[in-house]
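A.B. asks: Have a look at this fold, sequence not included:
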C-alpha cells in the first residue's frame, strides 16, 4: 500500500495514513522499519524513502489488551516452525541433557504449547542423560529434569502432559 509522506509529516501523521489504508488495524501500535533497522524518527523515514528502501509497517497489539488465548496464539509456534525445531530436538542423543534442551529453547526463543511440549518430551525422555550439575534442573533423574525444563518454556504451565 502506498501512503503519502512528505518531509513535514510527523510519524503520527504517517501512522494515521497507514490506519486509513488498514481500517481493521484498530488501536494497534504501528512500528516502522526499513533498510534492516527500526525507523523511530521522521528523518529516518525520509532517509529510507530517499534511498529507495521499502518501508514496512508492523501492527503491534498491546499485551494488556489481549485475552490469554489470543496471547498464547501470538507467542506459540505454528505447525511448520515447530516441526523444524522438533526435528533438531528429536535428533538429540544420550550425550545431551535437559539443560541442553532448555538452552536450545532459550537461544531460539521458543515457547511451546502443551501438545508441543508433550511431543518433545515423548521424543527425548528415553534419550537424554542426567545433567552434570543437577542443582540447575533439580536433583532427580533426566526425566524429572526434562519435565522441569519443558514446563519452563510451556505456554500452558498448568497443563499435565508428562
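C.D. replies: Perfect, thanks for sending it. Note that the structure is a prediction, hence the values are computed from the model and not measured.
A.B. asks: Show me what counts as buried in the host helix or strand of residue 144.
C.D. replies: Per DSSP states H and E: residue 144 is located in helix 142-152. Residues of helix 142-152 classed as buried by neighbour count (16 or more other CB atoms under 10 Å): 142, 143, 144, 145, 146, 147, 149, 150, 151, 152. From N, CA and C alone the C-beta is placed, and that goes for glycine too.
A.B. asks: nearest residue to the second one other than its sequence neighbours?
C.D. replies: This points to residue 143. Distance criterion CB to CB, 6 or more residues apart in numbering; nearest residue to residue 143, sequence neighbours excluded, is residue 125 at 5.7 Å.
A.B. asks: circling back to that earlier point, go through the buried residues of helix 142-152 and name the one nearest residue 115.
C.D. replies: residue 150 (11.8 Å; CB to CB).
A.B. asks: show me what contacts the closest residue to that closest one other than its chain neighbours?
C.D. replies: Leaving aside its sequence neighbours, residue 150 sits nearest to residue 117 (CB to CB, 6+ apart; 4.6 Å). Taking CB atoms under 8 Å, 6 or more residues apart in numbering, we find residue 117 in contact with 150, 151, 153, 154, 159, 161.
A.B. asks: and with 6 Å instead?
C.D. replies: 150, 154, 161 (CB atoms under 6 Å, 6 or more residues apart in numbering).
A.B. asks: Tell me the pLDDT of the residue nearest to residue 143.
C.D. replies: Looking at residue 125, its pLDDT stands at 90.
A.B. asks: quick one: it from residue 114, how far?
C.D. replies: Separation of residue 125 from residue 114 (CB to CB, to the nearest Å) stands at 16 Å.
A.B. asks: Lovely, talk soon.
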